[in-house]
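Asker: take a look and give me a structure for this.
(one chain, ligands or ions: 2)
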Amino acid sequence: MKLKNINGTSDNKCACGSWIKHWEKFSGQSTCYCQAKGCLNVDVVGAHVQKANSSDDNWYIYPLCNAHNKHTGELEVSSTYKLVSANKQKTCEK
Ligand SMILES: [Zn+2]
Ligand SMILES: [Zn+2]
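Answerer: Residues are numbered from 1 along each chain as shown. Ligands and ions are numbered 1, 2, ... in the order given. Next comes the predicted model:
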């Protein structure tokens, strides 16, 4: 699937402590690796993303490395891992 990164949101914290914990908690999944295609970096963070080529403009969290978290434009990622809503009112702070 294709995602696009949302920049300037990285210091926005939630009740989970970090966005990667938020992603693990609500996806029920975990990963040691960045899930951008071909990337094996292990400095994984919970990146704020939107679906590319979609009318869905909700914000999601997805595991990416620091470098890919700063990437602009579209990013091809693994479909194995779930997108978790970044809307705190619908997840950890409801
Ligand atoms: Zn959270
Ligand atoms: Zn990466």
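
Asker: which stretches of the chain form helices?
Answerer: 19-27, 66-69 (DSSP state H).

Asker: relative to Lys88, which of those helices is closest?
Answerer: helix 19-27 (8.6 Å; CB to CB). For every residue, glycine as well, the C-beta is placed using N, CA and C.

Asker: what's the closest one packed up against?
Answerer: When contacts are defined as 3 or more CB pairs under 8 Å, 6 or more residues apart in numbering; DSSP states H and E, helix 19-27 sits against strand 44-51, strand 60-65, strand 84-85.

Asker: nearest to Thr91, out of those?
Answerer: Per CB to CB, nearest to Thr91 of the helices and strands packed on helix 19-27: strand 84-85, 5.5 Å.

Asker: and the closest one, what does it pack onto?
Answerer: helix 19-27, strand 60-65.

Asker: just say which of these is most tucked in.
Answerer: Of all the helices and strands packed on strand 84-85, strand 60-65 has the most neighbours on average by mean count of other CB atoms under 10 Å, namely a mean of 25.

Asker: quickly check: that strand near ligand 1 or not.
Answerer: No - judged by CB under 5 Å from the ion, strand 60-65 stays clear of ligand 1, getting no closer than 8.4 Å.
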